[in-house]
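**Student:** Below are the sequence and a predicted model for it; my questions follow.
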Amino acid sequence: MKAVFIDRPGSQTVIEVEEPKVQENDVLIRVMASGICGTDIHIFRGEYLGDYPVIPGHEFSGVVEQVGQAVTRFRPGDRVAVEPNIACDNCVNCLNNRHNFCLNWKAVGVTQPGGMAQLVVAPEKAVFSIADLPFAVGAFMEPLSCVLHGIERARLRMGDQVAILGAGPIGCLLLQVARLQGAAWISVVEKNPARLDLARSLGADRCLDSLDGLEADAYDVVIDATGAIPVMARTLDFARYGGTVLLFGVPPSGKEVSFEAFKIFRKGLTVLSSFTSLRNSYQAVALLRSGQVRVSGLISHRLALEEFGRGVTLIEQGLENVRKVIILPNNE
C-alpha cells in the first residue's frame, strides 16, 4: 500500500509499504479521508512528541476492511473514525480516569502508523462508528473531541462573554461548541479575512483582525486557538478579574511564553491548558450527526496522498485561503 513516510524531521515522501497485520483485537480500516492537523506539521518539523520514522495522520475516517477474531463491535463495511490516543488502562493515571495522561501512552499517527496511508490498523477500543456521516465530516471526530474536552476544562457557563484568538478550523470548532455551551457573546480575532468571514458565518458576534481591538479585562473566558507564542502571551490582558484563560492551541515544544506573575495573582485568573481528549468521541459524533456543529465549510482542499507535502505548504504559508486540508489516500 501507499503511505506518507516521515523518516526524520523535515523529510517526507510517499512510499510503498507492507499492509498492516491484524491482531485479534484490531480493526483494519481503508482510509477514505485524513485531515492534516497542526500537530502533524509539528511532528513533521520535529516540534512535537513522536517517533521517527512515522506514518502521520490522526484525524481520519474510513471503511472497515477486516477485523480480528476478538472484535465484537464492527464488521467489514462499517463506516468508522478513530480516536488516536491508546491508553493502557492499567497505570496510575488510567486508573484515576486520566487516560489522556496514560504513562504508557501510544497514539495512531504519532507513535505508531497513522491515517496518511491507504490502510491503517487500530485497536477496537479506539474505533467509533460514524454511521452515515460523509467521510470528510467523520474525520473531524478527533479534533472536535479535543475541542469538547477543552470547553469542559474551561467550565464555560451560560451567558459568558468569550474571546477566541484564531479562526482556523480549531477556532471555528471552539466557536460553535462555546455557543452550544451557552456563551452569550463571542468575539473572534483572526488576521486572515477569509477565515474571519467564516467565523462570522458560523455565528461570531464580533470579528476583529487585531488583538488591539479587544477590550482589556472584559471576557469571562479567553481561548487561544493559535499556539503562537506572542498571542498566548497576551491572553491574560483580555480576561476579566476572576476569569479563565484556556491555552488550547499547540505551541512548538521547547519554546517558552512569558506571563506577568502579578497579573495572574491580582486578577485571580484560572489559566488552563487542554491535552487531547478524554472519552469525548461519542459526543463528537453525535454533534456532527445532529448538525449542531458544522464542518463542511471548514474544508478548503481535498488532495491525493501524493500531495501531502503540498498540503503542509498551503497551511504553513497560508496560501489559497487554506482552512482544513483533507487527504484522500484512496482517491475516492
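**Tutor:** Structure received.

**Student:** how about the helices of the stretch 151-300 of the chain, start to end?
**Tutor:** 169-180, 193-201, 229-232, 235-238, 261-267, 281-290 (DSSP state H, counting those that start in this stretch).

**Student:** Next: the stretch 1-150 of the chain.
**Tutor:** Applying DSSP H, counting those that start in this stretch to the stretch 1-150 of the chain gives helices spanning 38-45, 135-138, 141-154.

**Student:** Tell me the helices and strands packed up against the shortest one.
**Tutor:** In this structure, helix 135-138 makes packing contacts with strand 26-35, strand 59-67, strand 79-82, helix 281-290, judged by 3 or more C-beta pairs under 8 Å, 6 or more residues apart in numbering; DSSP states H and E. Glycine gets a C-beta too; all of them are placed from N, C-alpha and C.

**Student:** The first one to helix 169-180, inter-axis angle?
**Tutor:** Angular relation of strand 26-35 and helix 169-180 on a 0 to 180 degree scale: 100 degrees, by axes from the mean of the first three to the mean of the last three C-alpha atoms, to 10 degrees.

**Student:** The closest residue in space to residue 226 that isn't next to it in sequence - how many residues pack around it?
**Tutor:** Computed as C-beta to C-beta, 6 or more residues apart in numbering, the closest residue to residue 226 that is not its neighbour in sequence is residue 166, at 3.9 Å. By the measure other C-beta atoms under 10 Å, the count of residues near residue 166 is 25.

**Student:** Repeat that for residue 124.
**Tutor:** Neighbours of residue 124 using other C-beta under 10 Å come to 16.

**Student:** With adjacent residues omitted, what lies nearest to it?
**Tutor:** By the measure of C-beta to C-beta, 6+ apart, the closest residue to residue 124 outside its immediate chain neighbours is residue 71, 4.8 Å from it.

**Student:** Confirm for me that that neighbour is in contact with residue 27.
**Tutor:** Yes - using C-beta atoms under 8 Å, residue 71 is in contact with residue 27, at 6.1 Å.

**Student:** close enough to count as contact, residue 320 and residue 313?
**Tutor:** No - Residue 320 lies out of contact with residue 313 (C-beta under 8 Å); the separation is 10.1 Å.

**Student:** so where is the stretch 201-332 of the chain shaky, pLDDT-wise?
**Tutor:** Residue ranges of the stretch 201-332 of the chain with pLDDT under 70: 332.

**Student:** now with 90?
**Tutor:** Across the stretch 201-332 of the chain, the stretches falling below the confidence threshold (pLDDT under 90) are 250-254, 331-332.

**Student:** Looking at the helices and strands packed on helix 135-138, which is nearest to residue 176?
**Tutor:** Proximity to residue 176, assessed across the helices and strands packed on helix 135-138 by C-beta to C-beta, is greatest for helix 281-290 (8.5 Å).

**Student:** of all the helices of the stretch 1-150 of the chain, which lies closest to residue 252?
**Tutor:** Taking C-beta to C-beta as the measure, these were each checked against residue 252, and helix 38-45 came out nearest at 6.3 Å.

**Student:** which of the residues in the closest one are buried?
**Tutor:** 38-44 (16 or more other C-beta atoms under 10 Å).

**Student:** thinking again about what came up before, reformat the helices of the stretch 1-150 of the chain as JSON lines; add distance to residue 52 and mean pLDDT.
**Tutor:** As requested, these are arranged in JSON lines below (distance: least, C-beta to C-beta, whole Å; pLDDT from 0 to 100):
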{"stretch": "helix 38-45", "distance to residue 52": "9", "mean pLDDT": "89"}
{"stretch": "helix 135-138", "distance to residue 52": "28", "mean pLDDT": "98"}
{"stretch": "helix 141-154", "distance to residue 52": "22", "mean pLDDT": "98"}
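
**Student:** a markdown table for those helices, including distance to residue 221?
**Tutor:** Output for the helices of the stretch 1-150 of the chain, formatted as a markdown table (distance: least, C-beta to C-beta, whole Å):
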| stretch | distance to residue 221 |
| --- | --- |
| helix 38-45 | 21 |
| helix 135-138 | 27 |
| helix 141-154 | 5 |
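
**Student:** Relative to residue 250, which of those is closest?
**Tutor:** Residue 250 sits nearest to helix 38-45 of all these, at 5.6 Å, using C-beta to C-beta.

**Student:** For that closest one, name the packing helices and strands.
**Tutor:** helix 308-317.

**Student:** Figure out how far the helix it packs on is from the centre of its chain.
**Tutor:** When C-alpha coordinates are averaged (C-alpha atoms, centre = their mean, to the nearest Å), helix 308-317 and its chain have centres 17 Å apart.

**Student:** what's it packed up against?
**Tutor:** Helix 308-317 sits against strand 11-16, helix 38-45, strand 299-304, strand 324-328, with contacts defined as 3+ C-beta pairs under 8 Å, 6+ apart.

**Student:** buried set for the last one?
**Tutor:** Just to be clear, that refers to strand 324-328. For strand 324-328, the buried set under the neighbour-count rule, 16+ other C-beta under 10 Å, comprises 324-328.

**Student:** how about CSV for these, with distance to residue 94 added?
**Tutor:** Formatted as CSV, the entries for these read as follows, by distance: C-beta to C-beta, whole Å:
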residue, distance to residue 94
324, 31
325, 33
326, 32
327, 31
328, 35
